[in-house]
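with the input below, show me the fold.
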Amino acid sequence: MNRKHIRTDPAAYEQMTRQASPPSRMVQGVFRAFWVGGVVCIIGQLAAETGVQLMKMTPADGYCFAAIILVLLTAILTGAGVFDRIGQYAGAGAFVPITGFANAMVSPALEFRREGMVLGLGAKLFTIAGPVLVYGIGASVLVGLVYAIIFS
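Below you'll find the model as predicted:
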């Protein structure tokens, strides 16, 4: 089989790449991530303050309450298909660690919801969370053991 090799000089290749690649809108992306991430943090702070001031929680419990609220809102928005649009608009600003984790848990489960609540939704809910939980609990046990040995 006769193959013809085409050689492209680096300058021509760079020009083709520039033409095919869309221009980066970094300033716009940073601004969007900043303000959407700020709104997520404001919602979390409002939830924490609500827990502390209105529900008479301790500050630690108020922050746990805020995490629960953010996970719940993210799960609902992911299920409704809204969080994906927010993520496309704001990029990393929408995926502040707790909201990104909630989205990563709910998204795989939604793909398999047709298979039923137990075998579809329930089984796939922990495909992402499972390894995180296993390694997180394992690391906390190791740190606890080291702490107990050093400070006992």
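
report the buried residues of stretch 72-87.
Across stretch 72-87, burial judged by 16 or more other Cβ atoms under 10 Å covers 73-75, 77-78, 83, 86-87. From N, CA and C alone the C-beta is placed, and that goes for glycine too.

okay, helices next: where are they in the chain?
Along the chain, counting by DSSP state H, helices occupy 10-20, 26-49, 59-79, 82-90, 97-111, 123-124, 126-151.

in contact with the closest residue in space to Val36 that isn't next to it in sequence, which residues?
With Cβ to Cβ, 6 or more residues apart in numbering as the measure, Ala90 is the residue that lies nearest to Val36, at 3.5 Å, once sequence neighbours are left out. Contact analysis of Ala90 by Cβ atoms under 8 Å, 6 or more residues apart in numbering lists 32-33, 35-37.

can you give me the distance of Ala90 to Ala80?
17 Å (Cβ to Cβ, to the nearest Å).

repeat for Glu14
When Cβ to Cβ is applied, the distance between Glu14 and Ala80 equals 44 Å.

where does pLDDT dip in the protein?
Per-residue confidence for the chain (pLDDT under 70) gives these ranges: 1-8, 112-114, 116-129.
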